[in-house]
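Novice: Just need the structure, nothing else, for what follows:
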Amino acid sequence: MAILVADDNSPDGTAQLVAAFAKRRKNIHILVRTKKEGLGAAYLAGMHHAFRQLKTDIVLVMDADLSHNPNYIPAFLRKVEDGCDFVVGSRYIRGGDIAKGWALHRKLLSVFGNIVVPFMLGTHALSDWSSGYRAIHKRVFHKIAPVISKNKRELRGYTFNIAFAYHTVISGFRVGEVPIKFVDRSSGRSKLGLEYLFHTPVFLIRTRLNMLVNGILKIW
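Specialist: Numbering: from 1, shown residues only. Below is the predicted model of the structure:
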């Protein structure tokens, strides 16, 4: 298993630390981006490098702040072996949980968001649309990456996670979920903020309107 760290021009010395590890471990790789273009662009760059340069078939995407426990990786891989093309680590199915130390506003945003999103997108294929802990097959990436790259709004912050999952679902790929217990970071600040409160609603409204125009809105 190869480990790729995508460093989005971070000022905290991550790139230097990982580069030092990479000299001693052949399976550790570092991708350093020189320009910040948002969370989605960094995700896509990392996946592109993994699929094209490292020649992998499956990419497991996870945060590097220990919010995502690596002990769940075998469960993700079992889902893939069972035929899933796209697997999400869900905090909202049996066995999953959100961070105990989360501030009330973060809990409300997360829970409320994952109630509104499936209604607006017209599908309950997933219970946790904003989770960044995912397993993605290369055929999903090759299909969805060109689609989502065309709209810069869909590359911004947490909107990217929702948009990528949405395009995956409507493209007919088999999706699955693994219950995870999310742990809040011990240092630093979350990137959840005004971006999530503005760009995500815009994406959801635009998508809903497109569904209405194209006549594919499901009856609720």
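Novice: Assign Ile93 to helix, strand or coil.
Specialist: Assigned by DSSP: H, G, I helix; E, B strand; the rest coil, the conformation of Ile93 is coil.
Novice: got the contact list for it?
Specialist: By CB atoms under 8 Å, 6 or more residues apart in numbering, Ile93 lies in contact with 127-128, 177, 179. For every residue, glycine as well, the C-beta is placed using N, CA and C.
Novice: Turn the residues you listed into TSV, including neighbour count and secondary structure.
Specialist: Shown next, in TSV, are these (neighbours: other CB atoms under 10 Å; DSSP: H, G, I helix; E, B strand; the rest coil):
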residue	neighbour count	secondary structure
Ser127	18	coil
Asp128	25	coil
Glu177	23	strand
Pro179	17	strand
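Novice: and those as a markdown table, adding distance to Ile205 and pLDDT?
Specialist: Formatted as a markdown table, the contacts of Ile93 follow (distance: CB to CB, whole Å; pLDDT from 0 to 100):
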| residue | distance to Ile205 | pLDDT |
| --- | --- | --- |
| Ser127 | 22 | 95 |
| Asp128 | 21 | 94 |
| Glu177 | 26 | 98 |
| Pro179 | 30 | 97 |
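Novice: elements contacting the helix or strand containing Val5?
Specialist: According to DSSP states H and E, Val5 maps onto strand 3-7. Strand 3-7 is packed against helix 14-24, strand 28-32, helix 39-48, with contacts defined by 3 or more CB pairs under 8 Å, 6 or more residues apart in numbering; DSSP states H and E.
Novice: quick one, what contacts the residue nearest to Pro70 when sequence neighbours are not counted?
Specialist: Leaving aside its sequence neighbours, Pro70 sits nearest to Met62 (CB to CB, 6 or more residues apart in numbering; 7.2 Å). Met62 makes contact with 68, 70, 132-134, according to CB under 8 Å, 6+ apart.
Novice: residues near the closest residue in space to Lys138 that isn't next to it in sequence, how many?
Specialist: Of all residues not flanking Lys138 in the chain, Phe51 sits nearest, at 4.9 Å (CB to CB, 6+ apart). Neighbour count for Phe51, taken as other CB atoms under 10 Å: 20.
Novice: 492 is where my numbering starts, stick with that
Specialist: Fine by me, first position is 492 from now on; the one you just mentioned is Phe542.
Novice: What segments of this structure are strands?
Specialist: Remark: strands assigned in the chain by DSSP state E are 494-498, 519-523, 549-552, 577-581, 625-628, 666-670.
Novice: List of residues touching the fourth one?
Specialist: The one in question is strand 577-581. Residues contacting strand 577-581 (CB under 8 Å, 6+ apart): 559, 563, 567, 570-571, 587, 617-620, 622, 624-628, 631, 656, 659, 664-671.
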